[in-house]
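A.B. asks: coordinates for the following, if possible.
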Amino acid sequence: MPEESIVTDEFVRQLINVGEVDLLVALPTHNNAKTVGKVVQSIQAGLLKCFPRERAVILNADGGSRDGTPEVITAASISDERRVYNGFALRTLPSISTKYASSPSSETALHSILSAAELLRARACAVISPESETIEPEWVANLLRPVYHDNFDFVAPVYRRHKFEGILVSNVVYPMMRALYGQRIREPYASEFGFSGRFGAQFLTQHAWQHEAGQFGTELQMILSAVTGGQRVSQAFLGTKTRSEHTAETLVGAMRQTAGVMFTSLEPNFAMWSTSNGSKTVTTIGPDHDVTLDPIRVNRKRLLQMFSAGVAELEPVLQTILSPGTVESLQQIAKLDEDDFRYPAELWAKTVYEFAASHHKSVISRDHIIQALVPLYRGRMFTFLVENRTASSEEIENSVEDLCNEFERLKPYLLEAWNGRK
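C.D. replies: Residues are numbered from 1 along each chain as shown. Sure thing, here's the model as predicted:
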């Protein structure tokens, strides 16, 4: 059952007033009043257009907003959407809100959402980012239909991205997911996803809800739980994803919530990933990738400087984490100028795998291991940007595919590092 601190008496009263539902769409928020109104309108339109007969609720889990975000959501009226879509919903569409804490935490927000979904006995649920200004009504249908109509347990998104967006996913998370767990899920680290009430209740009881706020990428843990637990997983194309930028500070956090979560998943699932080979596609609604080629400015020179400085400054740390051969290779490429620099796919895959093995052995603080990967990732990012500077959509896809194949090919290298002393 949900913890008392998560589901307050006031929230329980709101849930009782709603009653049991078929569908739940959740918005985890924190000071999103400027964007959340349009998002709510699109959610309402999607539910009205595609699920007019189902019992549905929009749920806001708020992390202490001070700009009136919850009020924007709860005050949203569906009347205008009815007129636009000439729809006649047979049921009302309530919007309710709960404040789960005075500061934001994606983990606690998801905990609140799962707890409410269990109490409402929702069959299909979707989580939508309040910052998704490019959202269309079809997003709601694409996330809910595979669960509600086709009995899938988890629906990951596929976005239309600029070719230089999502490099952390395409160069770390996606290749590892494919190589380790055999599932070709393009966006396992995403702010939008769908899931069944059945699987949500299972994850609610199995997950340890005691992590430090913002450190542990609970959304990625949820899809890993679905994959390793044998749940039915699919993915659905949504459309253009709002562009976001990683600062130095947020990149460390993003690395914790991606590579850190992937590394941590290896120990409890060793029997599964150590004996599997290859990868397979998952059921997908729409294209499984989409890339735009619009011009975008990236400071490549700064990336290379930060990589070279990191290799030099972190030499004692890297010698603890990596094999002597890998450290030597990194030191050699760190001396190259911008025109000659290249961090090849094979060396990158070996680097990530050696980091994973050292994380398992806790050769130093695990968080320090994750932080040490950040400057090396910048070197790989530089190479990806340069190699694909003039690439077409097809060439970008081939580049990602080649990297994934290297991760799959070198999986025995991870096992060797995992079982060996270094």
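A.B. asks: could you list the domains of the protein?
C.D. replies: Domain assignment for the chain, taken from automatic domain parsing, gives 9-162+184-248, 163-183+249-422.
A.B. asks: which one of the ones you listed is the most hemmed in?
C.D. replies: Sort the domains of the chain by mean neighbour count, taking mean count of other C-beta atoms under 10 Å, and domain 9-162+184-248 sits at the top with a mean of 20. Backbone N, C-alpha and C define where each C-beta goes, glycine included.
A.B. asks: pLDDT of that domain, averaged?
C.D. replies: The average pLDDT for domain 9-162+184-248 rounds to 89.
A.B. asks: same question for stretch 253-263.
C.D. replies: The average of the pLDDT scores along stretch 253-263 is 95.
A.B. asks: cool, stretch 287-294 as well?
C.D. replies: So the average pLDDT for stretch 287-294 ends up being 83.
A.B. asks: that stretch: end-to-end distance?
C.D. replies: 19 Å (C-alpha to C-alpha, to the nearest Å).
A.B. asks: repeat for stretch 267-274
C.D. replies: 10 Å.
A.B. asks: what comes into contact with that stretch?
C.D. replies: Outside of stretch 267-274, the residues within contact range by C-beta atoms under 8 Å, 6 or more residues apart in numbering are 180-181, 224, 228, 266, 360, 415, 418.
A.B. asks: ditto for stretch 350-366
C.D. replies: Counting contacts by C-beta under 8 Å, 6+ apart, the residues outside stretch 350-366 that touch it are 172, 176, 259-260, 262-264, 266-267, 317, 320-323, 326, 330, 369-370, 372-373, 376, 407, 410, 413-414, 417-418, 420.
A.B. asks: export that stretch as CSV, just CAs?
C.D. replies: What follows is stretch 350-366, C-alpha atoms only, in CSV (Å, rounded to 0.1, in the frame of the first residue of the first chain):
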residue,chain,number,x,y,z
LYS,A,350,35.8,-0.7,-23.8
THR,A,351,35.9,2.4,-21.7
VAL,A,352,32.3,2.2,-20.7
TYR,A,353,32.5,-1.5,-19.9
GLU,A,354,35.6,-1.0,-17.7
PHE,A,355,33.8,1.7,-15.9
ALA,A,356,30.9,-0.7,-15.3
ALA,A,357,33.2,-3.4,-14.0
SER,A,358,35.0,-1.0,-11.7
HIS,A,359,31.6,0.4,-10.5
HIS,A,360,30.6,-3.2,-9.6
LYS,A,361,33.9,-3.7,-7.6
SER,A,362,33.7,-0.2,-6.0
VAL,A,363,37.4,0.3,-6.6
ILE,A,364,36.7,3.9,-5.4
SER,A,365,33.5,5.8,-4.5
ARG,A,366,30.9,4.8,-7.1
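A.B. asks: please shift the residue numbers so they start at 192 in all later answers.
C.D. replies: Fine by me, first position is 192 from now on; the one you just mentioned is stretch 541-557.
A.B. asks: quick check: mean pLDDT across it?
C.D. replies: What stretch 541-557 shows for mean pLDDT is 97.
A.B. asks: ok, now stretch 502-522?
C.D. replies: 98.
A.B. asks: mind listing residues that contact it?
C.D. replies: Contact partners of stretch 502-522, identified using C-beta under 8 Å, 6+ apart, comprise 525, 538, 541-542, 545-546, 549, 554-555, 559-560, 563, 566-567, 570, 608, 613.
A.B. asks: starting at the chain centroid, how far to the longest helix seen in the chain?
C.D. replies: Counting residues, the longest helix found in the chain (DSSP state H) is helix 557-578. Averaged C-alpha coordinates place helix 557-578 at 18 Å from its chain's average position (C-alpha atoms, centre = their mean, to the nearest Å).
A.B. asks: same question for stretch 491-498.
C.D. replies: The answer for stretch 491-498 is 26 Å, by C-alpha atoms, centre = their mean.
A.B. asks: could you do stretch 216-228 as well?
C.D. replies: Worked out by C-alpha atoms, centre = their mean, stretch 216-228 lies 18 Å from the chain centre.
A.B. asks: same deal with stretch 374-381?
C.D. replies: Stretch 374-381 sits 7 Å away from the centroid of its parent chain (C-alpha atoms, centre = their mean).
A.B. asks: and the end-to-end length of it?
C.D. replies: Across its full length, stretch 374-381 reaches 16 Å between end residues, using C-alpha to C-alpha.
A.B. asks: which outside residues touch that stretch?
C.D. replies: 347-350, 357, 359-360, 364-365, 368-369, 408, 410-411, 414-415, 418, 424, 426, 448-449, 470-473, 479-480.
A.B. asks: please repeat the previous calculation with a cut-off of 7 Å.
C.D. replies: By C-beta atoms under 7 Å, 6 or more residues apart in numbering, the residues outside stretch 374-381 that reach it are 347-350, 360, 364-365, 368-369, 408, 410-411, 414, 418, 424, 426, 449, 470-473, 479-480.
A.B. asks: let's see which of these end up in strands.
C.D. replies: 347-350, 424, 426, 471-472 (DSSP state E).
A.B. asks: state the distance from Glu458 to Ser553.
C.D. replies: To Ser553, Glu458 is 11 Å away according to C-beta to C-beta, to the nearest Å.
A.B. asks: can you check Asn596 too?
C.D. replies: 30 Å.
A.B. asks: would you map the strands across the stretch 392-541 of the chain?
C.D. replies: 424-431, 471-472, 474-476, 481-483 (DSSP state E, counting those that start in this stretch).
A.B. asks: give me the most central residue, the chain.
C.D. replies: Against the mean C-alpha coordinate of the chain, by C-alpha atoms, centre = their mean, the closest residue is Tyr380 at 1.5 Å.
A.B. asks: am I right that that residue is in a strand?
C.D. replies: No. Assigned with DSSP: H, G, I helix; E, B strand; the rest coil, Tyr380 falls outside any strand and is coil.
A.B. asks: from Met446, how far out is it?
C.D. replies: Tyr380 sits at a distance of 11 Å from Met446 (criterion: C-beta to C-beta).
A.B. asks: same check on Arg533?
C.D. replies: Remark: distance between Arg533 and Met446 (C-beta to C-beta) = 22 Å.
A.B. asks: now swap in Met572 and tell me
C.D. replies: 12 Å.
A.B. asks: over to Phe355?
C.D. replies: Going from Phe355 to Met446 by C-beta to C-beta gives 18 Å.
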